[in-house]
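Undergrad: Compute the structure for the input listed below.
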Amino acid sequence: MQQAGLADDDDEEIWVKEEDDEEEEDGYYMDPRSPAVWTPGGRAGGTSNRRRAREEKERTKMRERQRRAITGRILAGLRQHGNYRLRARADINEVIAALAREAGWVVLPDGTTFPSSSSFAAVAAQPPRPVMVAAASPSATPLALPASSALPLRGIAPVAARPISHRPAPAFALLLPPRAAAASRSPADDVPDGNSSHLLAVPVPVPMDPAAAEDVPVAKQLQVPDVSPRPPERDFAGTPYVPVYVMLPLGVVNGNGEVVDADELVGQLRVLKASGVDGVMVDCWWGNVEAHKPQEYNWTGYRRLFQMIRELKLKLQVVMSFHECGGNVGDDISIPLPHWVIEIGRSNPDIYFTDRAGRRNTECLSWGVDKERVLQGRTAVEVYFDFMRSFRVEFDEYFEDGIISEIEIGLGACGELRYPSYPAKHGWKYPGIGEFQCYDRYLQKSLRKAAEARGHTIWARGPDNAGHYNSEPNLTGFFCDGGDYDSYYGRFFLSWYSQALVDHADRVLMLARLAFEGTNIAVKVSGVHWWYKTASHAAELTAGFYNPCNRDGYAPIAAVLKKYDAALNFTCVELRTMDQHEVYPEAFADPEGLVWQVLNAAWDAGIQVASENALPCYDRDGFNKILENAKPLNDPDGRHLLGFTYLRLGKDLFERPNFFEFERFIKRMHGEAVLDLQV
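TA: Sure, this is the predicted structure:
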């Protein structure tokens, strides 16, 4: 028997997606089957063609809604009446696979399906399975069992035995050191399953005579379903020691120079120290330290915080945060740029990055002012250097004692080396491609010079067919397959756009190396993994990474970091491509492929690599993925990460099941053995 056949054409494709497609912002849709062609402006030629395309789109959407409704009712019925373990967003293949297994067939992960000749014999030869002991509800409607009820009921699970999510469990009130927490656990708390299943009542197996099964109430015959075994775990005992740091809350030091909730923070740091954490990461916000007047720095709050960390014998990673906080994913506070910079921006908004529609992004300064004396007589790089030099002088003793182990240099949006191409404040939503941010007059001046030097002054413009923040690549003339991104003009523009990013890193890192001579410095590069499976890699292009399928866009970045002996800190090392595909199949994301490319580009350039997670991570699968990236299996050169920084300290981390997994993860990063390894 084969997997249910699905025709190749769009009319026969069946899948489930709970949210309707959004209307395109430009009001039309380009059908790839339409004979219309793109004009230089990116729109299809001919009014009739556009009308036919819109009509075809509406018909397609109507058919898709009908398919979704039918499949949704099928899924709802299976979950309600059969307790099938199907995700809310399960597709038709998962439904077919569940039904095939119910019939006793074998379904392999790649979809190969065949009958098992020994399935019934194996069932008959098995010893009696444990059953859930439950009292039948008087109001429950009895289930009609088939005549051969002696066979196990696959796909039927009691509510208590359904899989649980990796969402944080209810928090315990007190912060307990690991030993105290272990002493307070019950034997059921230490079930090493990685899924926090000890929060559920563990059913007691009750042996049963098969001959007496017919006399047992239906509720007692409900079987615990077969749970897919967890993939084998690598044994990292004896592997290289990779230090683990934890990011402190973004607002741990407020604008008044005070440590927020200092007593609670000390308690949390003690727990982290006892668990084996090597140190913490702290953001030093430009907007707090140099808030009111140029070159007047207030380091009071950071001095008190660093003293607390030194007393606990923890290391420090410090971020020079030259961007504002607020408006991005995970930002729970608001810290603007210095007030005196904001005043300059009111009279000269071109100091900020600007999109094609003229919207300013105040998150950080445009790289166009790196060498422009627009900040009360100083250039942007001079302002950054003065800030870094003041920090180095203020905390000289922490550098001399080795408490400060690394300085991360903020080079753009979110402290990352990238353009602010996908700002939520301008309406961007995942997985939109973002927009180019080069329309302030300073970057436009640089673009004109580059076009004149190339001998094509007509190229002194940004692309006019690159869509909008939430566009898809294939619906734009610039990013679609065979689009303008790969034309002579497109290659010129993208080379200039990405080179501006590299030049900015070059200028700031040169001064950072001067300010922090003898200290490890690092640069954070964001993991823009959506649309990675397309030819253009549109989201990376707008962020400044010239990395289409036929070009390595991260090698130039690695080269400039090598020039100043800076480490590369990369994100999204916990993400799995399959998980992203299940949640957002339309994003064509591939975080695993991106991580592999970036890490190898850095290692090939001879620079060290650190990493951090992009999203909150509490589950064993996520931690195992980090470990795989931290210590690649069978790497011929024995390469591994310089360190890992966990995002982020918070109450969720200290919930008992979450912290249990975190402690276990730390031991394995340090190369220690764990007792509950699943092999």
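
Undergrad: Contacts only, for residue 559.
TA: residue 605 (CB atoms under 8 Å, 6 or more residues apart in numbering). Where C-beta positions appear, they are placed from N, C-alpha and C, glycine not excepted.

Undergrad: wait, is it part of a helix?
TA: Yes - under DSSP: H, G, I helix; E, B strand; the rest coil, residue 559 sits within a helix.

Undergrad: which stretch of helix or strand covers residue 49?
TA: helix 47-82 (DSSP states H and E).

Undergrad: Alpha carbons of the following helix or strand past that helix, in CSV - could you do that?
TA: Under the assignment DSSP H and E, the closest C-terminal helix or strand after helix 47-82 is helix 92-102. Extracted in CSV, the C-alpha atoms of helix 92-102 (Å, rounded to 0.1, in the frame of the first residue of the first chain):
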residue,chain,number,x,y,z
ILE,A,92,-3.2,15.1,5.5
ASN,A,93,-0.1,12.9,5.4
GLU,A,94,-0.1,12.7,9.2
VAL,A,95,-3.8,11.7,9.2
ILE,A,96,-3.2,9.0,6.6
ALA,A,97,-0.2,7.7,8.6
ALA,A,98,-2.2,7.5,11.8
LEU,A,99,-5.0,5.6,10.0
ALA,A,100,-2.5,3.2,8.4
ARG,A,101,-0.9,2.5,11.8
GLU,A,102,-4.4,1.9,13.3
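
Undergrad: next one: helix 92-102 to chain centre, how far?
TA: Centroid separation for helix 92-102 versus its chain: 30 Å, with CA atoms, centre = their mean, to the nearest Å.

Undergrad: does the residue nearest the centre of the chain count as helix, strand or coil?
TA: With distances taken as CA atoms, centre = their mean, the residue of the chain nearest its centroid is residue 614 (4.0 Å). Using three-state DSSP, the structure places residue 614 in coil.

Undergrad: one step back: what inclination does the helix holding residue 49 have with respect to helix 92-102?
TA: 30 degrees (axes from the mean of the first three to the mean of the last three CA atoms, to 10 degrees).

Undergrad: what's helix 47-82 packed up against?
TA: With contacts taken as 3 or more CB pairs under 8 Å, 6 or more residues apart in numbering; DSSP states H and E, helix 47-82 sits against helix 92-102.

Undergrad: returning to that earlier point: what's the spacing between the helix holding residue 49 and its chain's center?
TA: Taking the mean of its C-alpha atoms, helix 47-82 sits 30 Å from the chain's own mean (CA atoms, centre = their mean).

Undergrad: For it, buried residues please.
TA: Neighbour counts over helix 47-82 (16 or more other CB atoms under 10 Å) mark 49-50, 52-53, 57, 64, 67-68, 71, 75, 78-79, 82 as buried.

Undergrad: any idea of the mean pLDDT for that helix?
TA: What helix 47-82 shows for mean pLDDT is 75.

Undergrad: Same question for stretch 532-539.
TA: pLDDT averaged over stretch 532-539 gives 98.

Undergrad: CA atoms of that stretch as CSV?
TA: Output of stretch 532-539 as CSV, limited to C-alpha atoms (Å, rounded to 0.1, in the frame of the first residue of the first chain):
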residue,chain,number,x,y,z
TYR,A,532,17.0,30.4,3.0
LYS,A,533,15.6,27.6,0.8
THR,A,534,14.9,30.0,-2.0
ALA,A,535,17.4,31.1,-4.7
SER,A,536,17.6,34.8,-3.7
HIS,A,537,17.7,34.5,0.2
ALA,A,538,15.6,37.7,0.2
ALA,A,539,15.5,38.3,3.9
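
Undergrad: in it, what counts as buried?
TA: Neighbour-count burial for stretch 532-539 [16+ other CB under 10 Å]: 532, 534, 535, 536, 537, 538, 539.

Undergrad: In strands, which of those appear?
TA: Using DSSP state E, no member of the buried residues of stretch 532-539 sits in strands.

Undergrad: Quickly check these for the two that are furthest apart.
TA: 535 and 539 (13.0 Å; CB to CB).

Undergrad: Need the overlap of contacts for these two.
TA: Common neighbours of residue 535 and residue 539 (CB under 8 Å, 6+ apart) do not exist.

Undergrad: follow-up on the earlier one: could you measure from the residue lying closest to the residue nearest to the centre of the chain once chain neighbours are set aside over to residue 622?
TA: Counting by CB to CB, 6 or more residues apart in numbering, residue 614 lies nearest to residue 572, which is 4.1 Å off, once chain neighbours are set aside. The gap separating residue 572 from residue 622 is 11 Å, by CB to CB, to the nearest Å.

Undergrad: so what sits against both of those two?
TA: residue 613.

Undergrad: Save the buried residues of helix 47-82 as a markdown table, and put in distance to residue 631 too.
TA: Shown next, in a markdown table, are the buried residues of helix 47-82 (distance: CB to CB, whole Å):
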| residue | distance to residue 631 |
| --- | --- |
| 49 | 55 |
| 50 | 54 |
| 52 | 56 |
| 53 | 51 |
| 57 | 48 |
| 64 | 44 |
| 67 | 45 |
| 68 | 43 |
| 71 | 42 |
| 75 | 40 |
| 78 | 41 |
| 79 | 40 |
| 82 | 43 |
